[in-house]
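Student: Next come a sequence and a model predicted from it.
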Amino acid sequence: MACGKKSIHVVETSNGNMLSRVKRTSLFSENLSTKRGQNCQMLKIIGLVIIPIIAMVIENAIKISKDEAILCQAKKVRGNIVFSVEIGLLVHSLQIERGTTALYISSGGSPLALTSLKTKRLDTDSSLDALNGWITLSSPSHFRSREAYRAHLRTYRDNLDPFNTTINAAINFYSNDNELIIGWVGSTVQESNSETSWQLLTAYHMLLLSKEEAGVERALGSTFYARGSIYSFFTHFE
């Protein structure tokens with residue numbers, strides 16, 4: 001019996017020590033009537049308030065970051081679309097200048113055709129100035145900058161002699177440049193990550209390509225009607 005009582009006493013003593021240790025180490029088991037207990041209770045309340053606030057701040061920061069990325073992408077897409085439209089206007093002006101140049105050559109240097117050609121050249125210069133950007137190409141050299149291309153056009157215009165050039169040469173001059181400029185739209189399509197804008201830019205690129213083909217046919221057709229007969233049209237190229 002003595003041994004049994006002793007064992008019980010040891011267990012009770014051990015349990016008492018464990019409870020005492022838990023009470024001493026527990027942070028929130030303090031008596032609220034004491035200063036320490038009140039401080040612990042205040043910390044608990046503050047923690048319950050701060051944790052949701054921190055979570056909300058983190059969530060909003062992530063959302064703002066995503067929204068900013070979407071906004072930047074939207075601005076880039078809008079810039080690509082605007083630039084593509086400006087490229088289209090430049091190509092359109094070059095196409096009209098090409099056709100008028102071909103008509104001027106086929107007319108044998110008609111003063112009336114020259115007056116019209118000068119007006120179309122001014123329209124091309126205005127479209128060139130209206131570009132908000134320029135895609136630099138190392139080759140050919142006249143595409144390295146806007147001013148280099150302007151000088152390239154000016155040199156060709158100043159040296160144009162309707163009696164010492166051919167319609168084919170004039171058409172090829174403008175067509176080669178248009179091919180490279182239309183290629184700029186293709187590069188903006190590749191840079192676009194938006195599915196909707198990608199489809200729009202691709203369709204616009206295809207439209208410019210088809211319009212370029214029609215422009216060449218229009219330039220050739222204008223010279224045919226200016227000469228007045230199919231025989232003189234074909235003998236001009238022989």
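Tutor: Perfect, I can see it now.
Student: what about this protein, any weak spots by pLDDT?
Tutor: For the chain, the stretches with pLDDT under 70 are 1-32, 190-196, 226-238.
Student: As a check, name the ranges of all helices in it.
Tutor: If DSSP state H is used as the criterion, the helices of the chain fall at 2-25, 35-106, 111-129, 146-159, 167-191, 195-227, 230-237.
Student: Quick one, which of those gets closest to L137.
Tutor: The closest approach between L137 and any of the helices of the chain, judged by Cβ to Cβ, belongs to helix 167-191 at 6.8 Å. Where C-beta positions appear, they are placed from N, C-alpha and C, glycine not excepted.
Student: For the closest residue to R146 other than its chain neighbours, grab the count of nearby residues.
Tutor: Leaving aside its chain neighbours, R146 sits nearest to W134 (4.8 Å; criterion: Cβ to Cβ, 6 or more residues apart in numbering). As a burial measure, the neighbour count of W134 was computed by other Cβ atoms under 10 Å and equals 16.
Student: about what we covered before: return the most buried member of the helices of the chain.
Tutor: Compared across those, helix 167-191 shows the largest average neighbour count, a mean of 17 (mean count of other Cβ atoms under 10 Å).
Student: about what we covered before: identify whichever of the helices of the chain lies nearest to S139.
Tutor: Taking Cβ to Cβ as the measure, those were each checked against S139, and helix 167-191 came out nearest at 9.8 Å.
Student: before we move on, the earlier item: as a markdown table, the helices of the chain with distance to P140 would be great.
Tutor: Written out in a markdown table, the entries for the helices of the chain read as follows (distance: least, Cβ to Cβ, whole Å):
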| stretch | distance to P140 |
| --- | --- |
| helix 2-25 | 82 |
| helix 35-106 | 15 |
| helix 111-129 | 16 |
| helix 146-159 | 8 |
| helix 167-191 | 8 |
| helix 195-227 | 18 |
| helix 230-237 | 26 |
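Student: And E59, how far from K66?
Tutor: The gap separating E59 from K66 is 11 Å, by Cβ to Cβ, to the nearest Å.
Student: got a list of what the closest residue to D123 other than its chain neighbours touches?
Tutor: Closest residue in space to D123, ignoring its immediate chain neighbours: S93 at 5.0 Å, by Cβ to Cβ, 6+ apart. When contacts are counted by Cβ atoms under 8 Å, 6 or more residues apart in numbering, S93 touches 120, 123-124, 126-128.
Student: any idea how far L209 is from S93?
Tutor: 17 Å.
Student: same question, E59
Tutor: With distances taken as Cβ to Cβ, E59 is found 47 Å from L209.
Student: same question, N172
Tutor: Counting by Cβ to Cβ, the gap between N172 and L209 amounts to 17 Å.
Student: Equivalent analysis for V85, please.
Tutor: 16 Å.
Student: Also R150?
Tutor: Here the distance between R150 and L209 works out to 25 Å (Cβ to Cβ).
Student: go on, D161?
Tutor: Here the criterion is Cβ to Cβ. By it, D161 lies 31 Å from L209.
Student: which ones are touching the closest residue to S116 other than its chain neighbours?
Tutor: Nearest-residue entry for S116: T100, 5.7 Å, with adjacent residues in sequence omitted and distances by Cβ to Cβ, 6+ apart. Residues near T100 by Cβ under 8 Å, 6+ apart: 113, 116-117, 120.
Student: That concludes my questions; thank you for your assistance.
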